[in-house]
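1. I need the structure of the sequence given here:
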Amino acid sequence: MKKILNNKWCQPAASAKRDYSRQIAFLNRYSILFHALLACVLVFIIEACSRRSVIDACVFLGSHAFAFFFNALIIFFTLSVVYLFRRRMLMRIIISCIWLLLGIINGCVLSQRVTPFGYTDLKCISDLLTMTNTQYFTKTQEICVVILLSILVLFLFILALKGPKFQGHPHKVRAACFCVLMGIVMSGATTLAQNSEQMASYFSNIAQGYSDYGFVYGFSSSVMDRGMSRPDDYSESTIRQIRQSVSQAKEEAGSYTVAESGQIVSDSAKKQQPNVICVLLESFMDPTEINFLKMSKDPIPNFRELSDNFTSGYLTVPVVGAGTANSEFEVLTGMNLRFFGTGEYPYKTILKETDCESIASDMSAIGYGTHVVHNNGGNFYSRANAFSQFGFDTFTSKELMNIQEYTPLGSWPTDDILIRETEKALDSTPDQSDFVYTITVQGHGSYPEEKIIENPEITVSGAETEEKNNQWEYYVNQIHEVDKFIKNLTDMLAERDEPTMLVLFGDHLPTMGLTDEDVKSGDIFKTQYATWNNFGLEQKDADLTAYQLLAYTTEQAGLHQGTIFTYHQAGEYDTEQPQYQNQLENLQYDILYGERYCYDGEDLYPASDLQMGVDQTHISRYHKNADGSLSIYGDHFTNWSRIYVNDEKMSTMFVSDEHVMLPSEYAADLENGDILKVCQVGSSNTIFRTTENSVTFFDASQKEAE
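-> Numbers count the residues shown, from 1 in each chain. The predicted model follows:
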């Protein structure tokens, strides 16, 4: 009887096991076909996530069928590695999840900016985490991401332990050969597709490139295509010819002479030079340039007055909606980002390991003090490192500022504090002319769909929905405040008895989903720039690229220095001329990746020992309070000041710029002889600056108790 019951219960289980085994065997037998189908499904889902629309994904499949199946080929290629493992189901799921996760991230990124997600963005994750509790990236979103990723990791861990294994002979050699063959096929197919112009090898507009050729191809391009490729005609003689032509053009113009070393020396460097203040206006544009928008009054009257009376024009930048660091890179170096990889941030790649000639090092060479002022984190976009590689003397980031005022959302500091900090940078070198690069942040996105400002100074209408009108109204009013900052900045500079040139530019248009048809310029990669000076320069309006801006404006001020900037000045800023771009590419490659023939193989512009801030900080005294806390008094403390006890960071309460406190629960552990100091601390616990002096703690009551 017992045997009969056992057979009765075992037969269904055995049957189910046989069915499962047959299914696995079927999938293994036709796995290549299954991978092809899976690849197509994944591409469709990824495009739906990236475009945030199933309908748009269908349109992509119908109108860009070749690109769709080429994207599927890339995923199919990555799936081929599963044959190297016994747990093939696990590997299929891991590879599929990676692609799906990248597609979801791209969709989230595109909801906040126009530039799609690329490989270099992975290097900016630490920057994103420093932006928690802002409208751009909230703490709640961070928690949700962590929870979902933890669930995924747990699922994969269980699958690794309990999931099925391939039961047949592994044929590892055959599997490896298949992977190599797929790599060869993938490489050949890519070359053929690019040569036949079915797929682009370079995206002049990254957002459009991803849209036309698919996320998988776009992201893969950003992985494989990084840095600069060696120009076909790159050689020592090529660089020498370029430098000779620049020298000849400038000497004929009487702008400078060439020293025995071969370096360009400005003739006007022997006399006092004007201060040059360059201001990056975050997400700044003229709202009246938007065709559909209506406003109750002009939001930027001060910027418009500068545009009407001083040199100004459109500025072509390399990014839209985000990517400030790339517009910044072009402006400060004079280099064209077109020659770098898809979606690359040089701040996060080549500048991590290589110094680079810039406007700062060029101005330093003729006696200027060089400074950066920015009311955001010093580590954001790895700026502290980049500005050192550029040769700047000082960098005053938000950690060195006593910031008290924020935008209505509380997301970003207002820009008015930058006026005082810019003036302090100028005052820090009383016997020098100065170059100050000031970076604003008040106009930064994202912009709320609900009404935030109850009684806005400027009302806005004309957008397609009420939510869009609310976004535009918030943006326009913040830009209006930035325009007031511009007026206050020019007033401050005008009061100083020093010749000064001011250059203002928008780094990119705001993240609002604008198209070329929405703007009067007909190009969403165009912002505006304007200048001001107090020594009578002639107005010479011109439309420029970001990498030409400082060459053009400093030339007007009589400044002719630097390898790249003098090249632009000699080339008449003709970006359409093939020779102009070819020679620029050679110079860029030579400086960043080549043999530095333009410097005779030497490192003429090494990284600087960047000083954070221009204020000297010190501790004047400390006091044990009745509640057991410890007060430390001094100067130039900020919200980012942290008390260190014996080089260990402690929880710190900021009271004022002269007073910080160690809470009682920590002060209770202090012992006589402990060393106290106060540091300005950035993200990742980076110590940017420490008080000039430290003090030794002594509590008389402890001595009495002993």
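2. could you list the low-pLDDT ranges of this protein?
-> Applying pLDDT under 70 to the chain picks out residues 1-29, 112-114, 123-142, 145, 163-171, 204-205, 250, 252-272, 700-706.
3. got the contact list for residue 687?
-> 679-681 (Cβ atoms under 8 Å, 6 or more residues apart in numbering). All C-beta spots, glycine's among them, are computed from the backbone N, C-alpha and C.
4. and residue 99, by the same measure?
-> Taking Cβ under 8 Å, 6+ apart, we find residue 99 in contact with 42, 46, 75, 78, 216.
5. out of these, who has the most neighbours?
-> residue 216 (27 neighbours; other Cβ atoms under 10 Å).
6. please name the nearest non-neighbouring residue to that residue.
-> Of all residues not flanking residue 216 in the chain, residue 71 sits nearest, at 3.9 Å (Cβ to Cβ, 6 or more residues apart in numbering).
7. how about that neighbour, secondary structure?
-> helix (DSSP: H, G, I helix; E, B strand; the rest coil).
8. ok, now which ones touch it?
-> By Cβ under 8 Å, 6+ apart, the neighbours of residue 71 are 43, 46, 213-217.
9. what separation do you get for residue 587 and residue 619?
-> Separation of residue 587 from residue 619 (Cβ to Cβ, to the nearest Å): 49 Å.
10. which one's more surrounded, those two?
-> Counting neighbours by other Cβ under 10 Å for residue 587 and for residue 619 shows that residue 587 has the greater number, 26 against 20.
11. tell me which helix or strand comes right after whichever strand or helix holds that one.
-> Element membership of residue 587, judged by DSSP states H and E, is helix 578-592. Sequence order places strand 611-612 as the next helix or strand after helix 578-592, per DSSP H and E.
12. for that next one, name the packing helices and strands.
-> If contacts are counted by 3 or more Cβ pairs under 8 Å, 6 or more residues apart in numbering; DSSP states H and E, strand 611-612 sits against strand 394-396.
13. which strands or helices does the strand it packs on pack on?
-> strand 369-374, helix 383-390, helix 417-427, strand 611-612.
14. and the angle from the third one to strand 369-374?
-> The reference is to helix 417-427. 170 degrees (axes from the mean of the first three to the mean of the last three Cα atoms, to 10 degrees).
15. with just CA atoms, put helix 417-427 into PDB.
-> Extracted in PDB, the C-alpha atoms of helix 417-427 (Å, rounded to 0.1, in the frame of the first residue of the first chain):
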ATOM      1  CA  ILE A 417      27.200  85.800  -2.900                       C
ATOM      2  CA  LEU A 418      29.400  85.500  -6.000                       C
ATOM      3  CA  ILE A 419      29.900  89.300  -6.200                       C
ATOM      4  CA  ARG A 420      31.600  89.500  -2.900                       C
ATOM      5  CA  GLU A 421      33.600  86.300  -3.500                       C
ATOM      6  CA  THR A 422      34.700  87.600  -7.000                       C
ATOM      7  CA  GLU A 423      35.800  90.900  -5.400                       C
ATOM      8  CA  LYS A 424      37.800  89.000  -2.700                       C
ATOM      9  CA  ALA A 425      39.600  87.100  -5.400                       C
ATOM     10  CA  LEU A 426      40.600  90.300  -7.100                       C
ATOM     11  CA  ASP A 427      41.700  91.800  -3.800                       C
END
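16. what's the distance between residue 312 and residue 591?
-> 30 Å.
17. try residue 300
-> Distance from residue 300 to residue 591, by Cβ to Cβ: 37 Å.
18. helices of the stretch 301-450 of the chain, start to end?
-> 301-309, 324-333, 359-365, 383-390, 417-427 (DSSP state H, counting those that start in this stretch).
19. and the contacts of the last one?
-> Going back to what we said before, that points to helix 417-427. 275, 277, 371, 373, 375, 394, 396, 401-403, 405, 434, 436, 438, 440, 485, 488-489, 492, 496, 498, 614-615.
20. now, of those residues, which are buried?
-> Buried residues within those, counting neighbours by 16 or more other Cβ atoms under 10 Å: 275, 277, 371, 373, 375, 394, 396, 401-403, 434, 436, 438, 440, 485, 489, 492, 614-615.
21. what ranges does the stretch 601-706 of the chain have for its strands?
-> Using DSSP state E, counting those that start in this stretch, the strands of the stretch 601-706 of the chain run over 611-612, 619-624, 630-634, 641-645, 648-649, 653-656, 659-662, 675-681, 687-690, 695-696.
22. quick one, which of these is nearest to residue 237?
-> Closest approach to residue 237 among the strands of the stretch 601-706 of the chain (Cβ to Cβ): strand 611-612, 40.5 Å.
23. isn't residue 553 right up against residue 533?
-> No: taking contacts as Cβ atoms under 8 Å, residue 553 lies outside contact range of residue 533: 9.3 Å.
24. looking at those two, which is more packed in?
-> residue 553 (24 against 21).
25. that one and residue 521, how far apart?
-> 20 Å.
26. also residue 359?
-> Residue 359 is 26 Å from residue 521, where distance means Cβ to Cβ.
27. higher neighbour count, the two?
-> Taking neighbours as other Cβ under 10 Å, residue 359 and residue 521 compare with residue 359 leading, 29 against 17.
28. measure how buried residue 410 is and give me the count.
-> There are 10 residues near residue 410, going by other Cβ under 10 Å.
29. look up how far residue 562 lies from it.
-> Applying Cβ to Cβ, the value for residue 410 to residue 562 is 41 Å.
30. do residue 472 as well
-> 40 Å.
31. tell me which of these two has more neighbours.
-> For residue 472 versus residue 562, neighbours defined as other Cβ under 10 Å are more numerous around residue 562 (27 against 23).
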